[in-house]
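1. here's my sequence, what's the structure:
(2 chains)
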Number of protein chains: 2
Amino acid sequence: MTRYQAPKSLAVLLRARMHPDPVASGPPPAPAQAPDPDPAAPPAASVRHWLHASVSASSPASAALDRFSDGYRSLDRGGRREILRSLVADYDVPRARVRDLMRQYMSVAAAGGEEHPGAAGEEEGSGGSASALYRMERGLREALRPKYAVFLEAMNAQPGGLKLLAIIRADLLGLLGEDNSPSLRALDGYLKEKLVTWLSPAALTLHQITWDDPASLLEKIVAYEAVHPIRNLIDLKRRLGVGRRCFGYFHPAIPGEPLIFIEVALLKDTATSIQEVLWDDPPTPECEARCALFYSISSTQPGLSGINLGKFLLKRVIDMLTRDMPSVQIFATLSPIPGFMQWLLAKLAYQIKLAEVELQDGNLSEGASSTFREFILLPEEERMIHDAVEQVDGKSEIELLQNILKSSQWVKSDKLSAALKSPLMRLCARYLAREKKRGKALDAVANFHLQNGAMIERINWMADQSEKGIQQSGGIMVNYVYRLENIEEYALSYLGTGLVHTSPSLFQYLEPMDT
Amino acid sequence: MTRYQAPKSLAVLLRARMHPDPVASGPPPAPAQAPDPDPAAPPAASVRHWLHASVSASSPASAALDRFSDGYRSLDRGGRREILRSLVADYDVPRARVRDLMRQYMSVAAAGGEEHPGAAGEEEGSGGSASALYRMERGLREALRPKYAVFLEAMNAQPGGLKLLAIIRADLLGLLGEDNSPSLRALDGYLKEKLVTWLSPAALTLHQITWDDPASLLEKIVAYEAVHPIRNLIDLKRRLGVGRRCFGYFHPAIPGEPLIFIEVALLKDTATSIQEVLWDDPPTPECEARCALFYSISSTQPGLSGINLGKFLLKRVIDMLTRDMPSVQIFATLSPIPGFMQWLLAKLAYQIKLAEVELQDGNLSEGASSTFREFILLPEEERMIHDAVEQVDGKSEIELLQNILKSSQWVKSDKLSAALKSPLMRLCARYLAREKKRGKALDAVANFHLQNGAMIERINWMADQSEKGIQQSGGIMVNYVYRLENIEEYALSYLGTGLVHTSPSLFQYLEPMDT
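-> Model prediction:
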């Protein structure tokens, strides 16, 4: 009895599962979700009334905004969509006014005509016309704003308003999935632009979340942890304890709830599997840590999607750790590759389809489809897969691979694992470093870290053996590394030309770039 | 020896004067002020280089912004002005591009022509043109922004950037006083607009400042208290102690320094003089307080001039006190009338001038100037002033009044005070409730409270007998009252029509309104 023993009831509580099913945990409880219709709630028409009252007052009355806010929250999905549609239909850009102002501007700009009214002729005479030009430009900037701009600004200034706007944007993103009309897209673009301004890093506070924080806050960390679900209180306590850090970004208007948070492990070296991060026992003494490993980053507001808060959070956390822990020299991540398996399976299915078509047409007209044929597997890999499978049944190796990957049972077989390692690692490196969509990395997590100035350091086999890890990426995880001296340069070259920086350890998997 | 006695040295410290001269204390040490030129500091040309590097990078490099920031702070006034001028000259609105975009827009808007592209025809066909319209409007909004917009946005996102922008604006306001050119005015307008967004109340945190706060914060309260200078530590401690509150508005990007703060006394009833607020002994027990009296509100950043943070601060403080102290029913101010004496002396001087002109021209052509003549004093008031003065020397009563008011010695004479009370109170009521400039109250403090939804409750004779109080307003102070049920209505009617709400107690001083 030398160690402190928690009373039995506490021990049970600490070990109790946080999620009904910790492995296949669904999306976190989304507070943005529209509630079930409440018979006592106001109908959409009455909420629209408060919208109208808010928009039309020269300076929107905060009572009307509050009523709108309460009303909107109580509406069901249909009611909310009605409001969104009326926002864009009734409070659009005042185009007649815009055209009038443009005509005036063109005549003044053509007469005075100067490109730089402030540069040369700012003596009394032309000062008047320069003044008019600036005034008209200001007027035009204002007229070109949709009329709902005033409503959005006023709502943001209202207590609880920012949260409501995040809910509205989440609803809007849902609606856009079904009705991608230009006016709704314009509302989304405008609202997103405003949210970027309001959530400027200058307005956000970095807070280290610890076991001393209120339960109401810790509960949110459990609910929103999107990468590696927190299993029980021991797991949570561990992630906030020795050798670990958890930092959240808070906005004064949304108290008690981080907009985004990041989990860090302080290690001797860059970890190669998530198991050793989540369950290393005992943790590395902090004075021996040389690596700060970012192993999870989760945002809590679906309505802030596309607003890169993570970039600034990472930067602030790296700055802080650099200052507070001079022994930490390596800033790396151990990241999931959420799109790898989906991409690979789609590729396999497509190749199988092509092969079928070729077979039907006979070998005669093979030119047409064979331009799209790829040799996904190397001959050596084909042989290994072939040898590892018990019942081949005349299937091609690609079909065999597809079959194997459809379930995650293959990890339990040493033979299958050994046969798959080489092709999966090679294809994964290619997926991460070469596959692009509109010039950006196809994988969302890769795109996130690359645009923030990281490089791809290493890919790790069997790094996440959870069901989710196997399904997403065949269990492979990737280390991105942030080198302080290169962050800005890498971010700029990636954003400018799509250049992906990789360390030499990845070259073994990659063919020389096609140009 | 029943009471605790502070050691003698502490007692001396507590009583030591905070300001060299507590009465005529000058402006607080303005951190925005340009420093003396430092020979080791970079010249303006090198700061301009960093400005250029920040503006021209597609995504401004934070290193360049930091260098600019350090460089700008170390420049003297001349160097800073050079930077401001080059900001507006080199990074203005790209007018050629604006004109191009406008021509395109006009042709599309004329062809498609719809006022509401989202309303009727959003089927596939016209969806494309609606889409183009929204895209062009977005492009135009962006093109109409001056090129320095990107720099300002990026600086705001930078640590310490918001503070630098406030310094830049303070410098700009100083420069505008000498060179009111349209391009500099446009920069000020744009920067102010952005600051309003960044300093939205949603981004500000309300904090009650107490004696437990860090000395570095309390020091700033002493430095920035603009209304009733804090004399010594006892005075400061008193303002943060029982029966008193001090609330500050903080922004995460400017830590440890309120942007604005307000001082509140909890009293049995609305105070009629500042002496009883600052030196009532002992204070009212808080459970007996029925009135929350706002007796000082000070902003700390000259560069945020014109951005009404006070309005939201007042609203939040009233909300908080309403919730926490249900016995408090009255929310009132005891406010200075900073412009009264200046206005009155200008009026007297003008009338004296007119009288002189009339005298020179003889009584013949009296019509011309007499249209501008006013009867400032009532006959009864003229008689009282005449009787109270020892040496009349054939002067008119208006000249006598001017002479008396030129120094503040009159308050020491009971006879003069008694003679001046009636005209000064009457003229002060008129000044507060009737004198306008562009439809708003001429007095800046009156305008502030009226636009926030207060009404004029009462004016108080000999309410501020400090040298500053006598010089500003003949010692008169005013109570504005915020009635919760009328705040929004009064604010809207004042902003809309300039209507000033006054309580019946003021009617005795006012003539019926001319219409």
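2. mind listing the helices for the stretch 201-350 of chain A?
-> Taking DSSP state H, counting those that start in this stretch, the helices of the stretch 201-350 of chain A run over residues A:215-224, A:233-239, A:274-279, A:309-324, A:340-361.
3. show residues contacting the second one.
-> Residues outside helix A:233-239 that contact it (Cβ atoms under 8 Å, 6 or more residues apart in numbering or on different chains) are A:13-16, A:18, A:211, A:218, A:221-222, A:230, A:244, A:246, A:263, A:278. In this view, the C-beta of every residue, glycine as well, is placed from N, C-alpha and C.
4. chain B contacts on the stretch 351-500 of chain A?
-> With the criterion set to Cβ under 8 Å from any Cβ of the partner chain, the stretch 351-500 of chain A comes near chain B through A:488, A:491, A:492, A:495, A:496.
5. by neighbour count, which of those wins?
-> With neighbours taken as other Cβ atoms under 10 Å in any protein chain shown, the top of those is residue A:491, carrying 19 neighbours.
6. now the spatially closest residue to that one that is not a sequence neighbour: which helix or strand?
-> Spatial nearest neighbour of residue A:491, excluding adjacent residues (Cβ to Cβ, 6 or more residues apart in numbering or on different chains): residue A:453 at 3.6 Å. Per DSSP states H and E, residue A:453 falls between elements, in no helix or strand.
7. wait, residue A:453 sits on residue A:482?
-> Yes: in this structure, residue A:453 is within contact of residue A:482 by Cβ atoms under 8 Å, at 6.5 Å.
8. phi, psi for residue A:471 please.
-> Per-residue torsions, residue A:471: phi -70, psi -40 (degrees, to the nearest 10).
9. just give the number of residues close to it.
-> 16.
10. same check on residue A:378?
-> 12.
11. would you mind measuring from it to residue A:422?
-> With distances taken as Cβ to Cβ, to the nearest Å, residue A:378 is found 8 Å from residue A:422.
12. if we can go back for a sec, export the residues of the stretch 351-500 of chain A next to chain B to TSV and tack on distance to residue A:393, pLDDT and secondary structure?
-> As requested, these are exported to TSV (distance: Cβ to Cβ, whole Å; pLDDT from 0 to 100; DSSP: H, G, I helix; E, B strand; the rest coil):
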residue	distance to residue A:393	pLDDT	secondary structure
A:488	55	87	helix
A:491	50	92	helix
A:492	53	89	helix
A:495	49	91	helix
A:496	50	90	helix
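13. ends of stretch A:141-153, what's the gap?
-> 15 Å (Cα to Cα, to the nearest Å).
14. need the contact list for the closest residue to residue A:263 other than its chain neighbours.
-> If you skip the residues right next to it in sequence, residue A:263 has residue A:296 as its closest partner in space, 4.2 Å away by Cβ to Cβ, 6+ apart. Residues near residue A:296 by Cβ under 8 Å, 6+ apart: A:225, A:226, A:227, A:228, A:262, A:263.
15. just checking: the least confident one among those is which?
-> Ranked by pLDDT, the contacts of residue A:296 bottom out at residue A:226 (83).
16. ok, the residue lying closest to that residue once chain neighbours are set aside - how many residues close by?
-> Nearest non-adjacent residue to residue A:226, counting by Cβ to Cβ, 6+ apart: residue A:298, 4.1 Å away. Close neighbours of residue A:298, defined as other Cβ under 10 Å, add up to 19.
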